[in-house]
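Participant: Next one to model:
(chains A and B)
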Amino acid sequence: AQKVTQTQTSISVMEKTTVTMDCVYETRDSSYFLFWYKQTASGEIVFLIRQDSYKKENATEGHYSLNFQKPKSSIGLIITATQIEDSAVYFCAMREGRNNNAPRFGAGTKLSVKP
Amino acid sequence: DAGVTQTPRHEVAEKGQTIILKCEPVSGHNDLFWYRQTKIQGLELLSYFRSKSLMEDGGAFKDRFKAEMLNSSFSTLKIQPTEPKDSAVYLCASRRTGGNNQAPLFGEGTRLSVL
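Facilitator: Numbering: from 1, shown residues only, chains lettered A, B, ... in the order given. This next block holds a predicted model:
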């Protein structure tokens, strides 16, 4: 069964610094897709970035990038030059490729960016 | 394009009532997901539909929860009878079929309070 774990409950950083949020996953599938989402204070859930398991290059999207370590089943989210508005809860999710199943989510990491 | 639309945004029910939550996916999206979000359990899968076929359901929710795809552009989630422990945010998400790497896009959710 697939499982996604985020062990960091909350992180606090100063504005304009770089932060990394951790996520590890479990799957028996050789093909899978990893996603990161952001949930704002209003409750809105926004898709940020995706990593396909068969791709060796780390995905990047604006000031978001991923640190994909396949042997460790790890997919970290890196936010560079953080801004106050990056304060939110960040969720990691995984969908297995072969099975017709839905993405499963981690518990989330609350990021606070301080001025 | 309009995003995922969920109605109502808020619902208050008495214990034992039947409530129906509604979701309209993004036009052209054939995959539709229902999730429940609570602080303790996080994001839990309720149901996953592809077109009108049920692909997966959350095992813990078979009892009083029933999701349906009435057509390709409208889904309902019925909770019958409601219990106070059902108080949560119910989220609907959709994605275009034909590309397992597509990330589901979320609606704003329905906040349910059961008294």
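Participant: Which residues of chain B lie near chain A?
Facilitator: B:33, B:35, B:42-43, B:45, B:48, B:50, B:55-56, B:89, B:91, B:93, B:100-101, B:103-106, B:108-109, B:111 (Cβ under 8 Å from any Cβ of the partner chain). Yep, even glycine has a C-beta here, placed from its N, CA and C like the rest.
Participant: so of those residues, which ones are in strands?
Facilitator: The members of the residues of chain B next to chain A that map onto strands under DSSP state E are B:33, B:35, B:42-43, B:45, B:48, B:50, B:55-56, B:89, B:91, B:93, B:105-106, B:111.
Participant: Among those residues, which one has the most neighbours?
Facilitator: residue B:93 (28 neighbours; other Cβ atoms under 10 Å in any protein chain shown).
Participant: ok, that one touching residue B:102?
Facilitator: No - contact between residue B:93 and residue B:102 fails when scored by Cβ atoms under 8 Å: they sit 11.0 Å apart.
Participant: Quick one: low-confidence residue ranges for chain B.
Facilitator: B:1, B:99-100 (pLDDT under 70).
Participant: residues contacting the residue nearest the centre of it?
Facilitator: Centroid-nearest residue in chain B: residue B:34, 3.0 Å away (criterion: Cα atoms, centre = their mean). Neighbouring residues of residue B:34 by Cβ atoms under 8 Å, 6 or more residues apart in numbering or on different chains: B:23, B:45-48, B:67, B:75, B:77, B:90-92.
Participant: cutoff 6 Å now
Facilitator: B:46-47, B:67, B:77, B:92 (Cβ atoms under 6 Å, 6 or more residues apart in numbering or on different chains).
Participant: re earlier: identify the farthest-apart pair in the ones in strands among the residues of chain B next to chain A.
Facilitator: B:50 and B:111 (27.2 Å; Cβ to Cβ).
Participant: related to what we said a few turns ago, tell me which residues touch the closest residue to the residue nearest to the centre of chain B other than its chain neighbours, please.
Facilitator: Closest residue to residue B:34 apart from its sequence neighbours, by Cβ to Cβ, 6 or more residues apart in numbering or on different chains: residue B:46 at 4.0 Å. Counting by Cβ under 6 Å, 6+ apart, residue B:46 touches B:34, B:36, B:58, B:61, B:65.
Participant: For the last one, give me its contacts.
Facilitator: By Cβ under 6 Å, 6+ apart, the contact set of residue B:65 is B:46, B:79.
Participant: any idea how far it is from residue B:22?
Facilitator: 15 Å (Cβ to Cβ, to the nearest Å).
Participant: what's next to the helix or strand hosting residue B:12, contact-wise?
Facilitator: Using DSSP states H and E, residue B:12 falls within strand B:10-13. Residues from elsewhere that reach strand B:10-13 (Cβ under 6 Å, 6+ apart): B:19, B:82, B:110-114.
Participant: If we only consider the contacts of residue B:34, which is nearest to residue A:48?
Facilitator: For those, the nearest to residue A:48 is residue B:92 (19.3 Å; Cβ to Cβ).
Participant: partners of that closest one in the sheet?
Facilitator: Residues in a beta bridge with residue B:92, per DSSP bridges, are residue B:34.
Participant: Verify the contact between it and residue B:23 for me.
Facilitator: Yes - counting by Cβ atoms under 6 Å, residue B:92 touches residue B:23, with 3.5 Å between them.
Participant: Are there residues contacting both of these two? Which ones?
Facilitator: Overlap of the contact sets of residue B:92 and residue B:23 (by Cβ under 6 Å, 6+ apart) consists of residue B:6.
Participant: Between the two ends of stretch A:10-26, how far is it?
Facilitator: 22 Å (Cα to Cα, to the nearest Å).
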